[in-house]
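>>> just to be clear, the model below is a prediction. Sequence and coordinates:
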Amino acid sequence: MTPLTLPRLCWGDSHSTRHALIVHGLGSSAQTGWQLGSGLSEAGWYATAVDLRGHGVAPRAPRYRISDFATDLAHTRPEHGGAWDVVIGHSIGAAASVVAQAGSPQWARKLILLDPALALGDDRKELVRTGQLYAHDQLTEEEAAKDNPHWHPMDVELRVWSNRAASRFAIEHAVLDNPHWDVTEEASKVNVSTLVLGGDPAVDSMFTGEHAAAVLESNALMTHVVIQGAGHSVHRDKPEDTLSQIVRFLV
């Protein structure tokens with residue numbers, strides 16, 4: 001499939017020598033990376049976030065396999081060309097980033113995976129599908145704030161806005177078009193230093209247990225840090241802790 005050109009939002013000085021790409025998760029948008037983009041720009045980085053196909057104001061498409069998201073990302077390059085100094089992906093955005101890097105080894109110099117959705121079974125996929133459709137059709141800011149009382153008000157607002165802005169077809173078919181949701185083989189082939197910032201299993205995490213252990217064992221370039229007290233959205237649940245780990249990794 002022909003890659004799509006993804007819309008961009010940027011933070012910081014475009015003349016910076018350090019360029020980061022931020023890739024959101026399912027039902028989100030480039031806007032939801034605002035805390036990461038702001039924090040990186042304050043640390044001297046030029047941060048770019050994209051809307052994945054079918055999300056935000058990105059072009060719509062007939063198919064939403066992880067490999068399709070990855071193809072779009074692999075063709076997304078810094079404004080000056082060359083490789084991204086780091087790519088930071090959340091959930092399905094992390095899975096797509098892994099596939100992009102495995103297929104294009106010069107795409108990024110480092111990866112940061114925020115509670116990556118590398119392999120999901122049928123039960124978890126159905127929870128994701130129904131949860132995303134509910135959020136698209138019915139979720140209110142009042143509900144989102146009640147469910148996430150510790151979130152920044154902007155994150156609450158953007159959670160609802162992004163779910164509405166995404167194509168209903170896209171968020172459903174991101175599950176339906178991936179009947180075998182498993183990119184662990186691609187993860188074993190990632191050729192750059194990679195930091196996995198996982199959610200706390202006591203709260204919610206897609207990267208935990210035997211699955212996480214197997215992925216880490218398969219690739220010595222990967223390290224795993226659990227963000228204590230954070231769920232799947234580590235960057236919204238614990239933004240300061242998440243940014244601290246990111247900046248430390250990038251020094």
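Sure, I can see it.
>>> low pLDDT regions in this structure?
By pLDDT under 70, the chain has no low-scoring segment.
>>> quick check, central residue of it?
By C-alpha atoms, centre = their mean, the chain has its centre lying nearest to H90, at 2.1 Å.
>>> what bridges to that one?
L114 (DSSP bridges).
>>> OK, contacts around it?
Counting by C-beta atoms under 8 Å, 6 or more residues apart in numbering, H90 touches V23, H24, G25, S28, L114, D115, P116, S233, V234, H235. Backbone N, C-alpha and C define where each C-beta goes, glycine included.
>>> in which helix or strand does A20 reside?
Element membership for A20 (DSSP states H and E) is strand 19-23.
>>> parallel or antiparallel, list what pairs with that strand.
Sheet partners by DSSP bridges: for strand 19-23, these are strand 46-50 (parallel), strand 86-90 (parallel).
>>> what about the first one, distance to the chain center?
Using C-alpha atoms, centre = their mean, to the nearest Å, we find the averaged C-alpha position of strand 46-50 to lie 12 Å away from the chain's own average C-alpha position.
>>> which SSE is immediately downstream of that strand?
helix 66-74.
>>> same for that next one, what does it pack against?
In terms of contacts (3 or more C-beta pairs under 8 Å, 6 or more residues apart in numbering; DSSP states H and E), helix 66-74 is packed against helix 92-103.
>>> what's the local residue count around L197?
Look at L197: counted by other C-beta atoms under 10 Å, it has 27 neighbours.
>>> and it, helix, strand or coil?
Put simply, L197 is strand when judged by DSSP: H, G, I helix; E, B strand; the rest coil.
>>> check I171 too.
I171 ends up helix, using three-state DSSP.
>>> for the residue lying closest to it once chain neighbours are set aside, give me its contacts.
Distance criterion C-beta to C-beta, 6 or more residues apart in numbering; nearest residue to I171, sequence neighbours excluded, is Q132 at 4.5 Å. When contacts are counted by C-beta under 8 Å, 6+ apart, Q132 touches L26, G27, N163, I171, E172, A174, V175.
>>> checking Q132 next. Helix, strand or coil?
helix.
>>> for the stretch 151-251 of the chain, which segments count as helices?
For the stretch 151-251 of the chain, the helices defined by DSSP state H, counting those that start in this stretch occupy 153-165, 168-176, 184-189, 209-218, 234-237, 239-250.
>>> among the ones you listed, which is nearest A144?
helix 153-165 (4.8 Å; C-beta to C-beta).
>>> in that closest one, what counts as buried?
D155, V156, L158, R159, V160, W161, S162, N163, A165 (16 or more other C-beta atoms under 10 Å).
>>> which neighbouring elements make contact with that helix?
Partner elements for helix 153-165 (3+ C-beta pairs under 8 Å, 6+ apart): helix 34-42, helix 122-137, helix 141-147.
>>> rewinding a little: most neighbours, which of the contacts of Q132?
Neighbour max across these (other C-beta under 10 Å) = A174, 31 neighbours.
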